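**Student:** show me the folded form of this:
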Amino acid sequence: GTLAFLFAPQLSKRLLAENDRLRLPRFLDDDDSLETTRRTLNDKIAQLNTAIDEVSAQLEDSDSALRADHLTDTSKEKSAA
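**Tutor:** From the prediction side, this is the model:
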């Protein structure tokens, strides 16, 4: 999807003749806007990846703590028996 969005203006320029009625919106036709959009999307993807990594680390820590608690409870039960 992202690649189609980024390359659609170039593809449309090649597929459509100059005299066709269909015109691209100006913001999609401008190479500077395309580059700005690409940078913005890359920044947002990087932010999402960072957030995913942080949540993943938190879940791993939580999972490790739960396992440690379970092992402690299991060893207490065995020593009580």
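**Student:** could you report the neighbour count for residue 41?
**Tutor:** Using other CB atoms under 10 Å, residue 41 has 13 neighbouring residues. From N, CA and C alone the C-beta is placed, and that goes for glycine too.
**Student:** which helix or which strand is home to it?
**Tutor:** Using DSSP states H and E, residue 41 falls within helix 31-80.
**Student:** counting by contacts, list what that helix packs against.
**Tutor:** Packed against helix 31-80 by the contact rule (3 or more CB pairs under 8 Å, 6 or more residues apart in numbering; DSSP states H and E) you find helix 2-15.
**Student:** what about the helix it packs on, average pLDDT?
**Tutor:** Average pLDDT, helix 2-15: 65.
**Student:** kindly report the same for stretch 57-67.
**Tutor:** Here the average pLDDT along stretch 57-67 is 86.
**Student:** just give me the neighbour total for residue 71.
**Tutor:** For residue 71, the count of nearby residues is 10 (other CB under 10 Å).
**Student:** if I look at residue 66, how far off is residue 39?
**Tutor:** Separation of residue 66 from residue 39 (CB to CB, to the nearest Å): 41 Å.
**Student:** hang on, I meant residue 71
**Tutor:** According to CB to CB, residue 71 stands 48 Å off from residue 39.
**Student:** what's the answer for residue 65, then?
**Tutor:** Noted for residue 65: a distance of 39 Å to residue 39, by CB to CB.
**Student:** equivalent analysis for residue 67, please.
**Tutor:** According to CB to CB, residue 67 and residue 39 sit 42 Å apart.
**Student:** nothing else from me, thank you.
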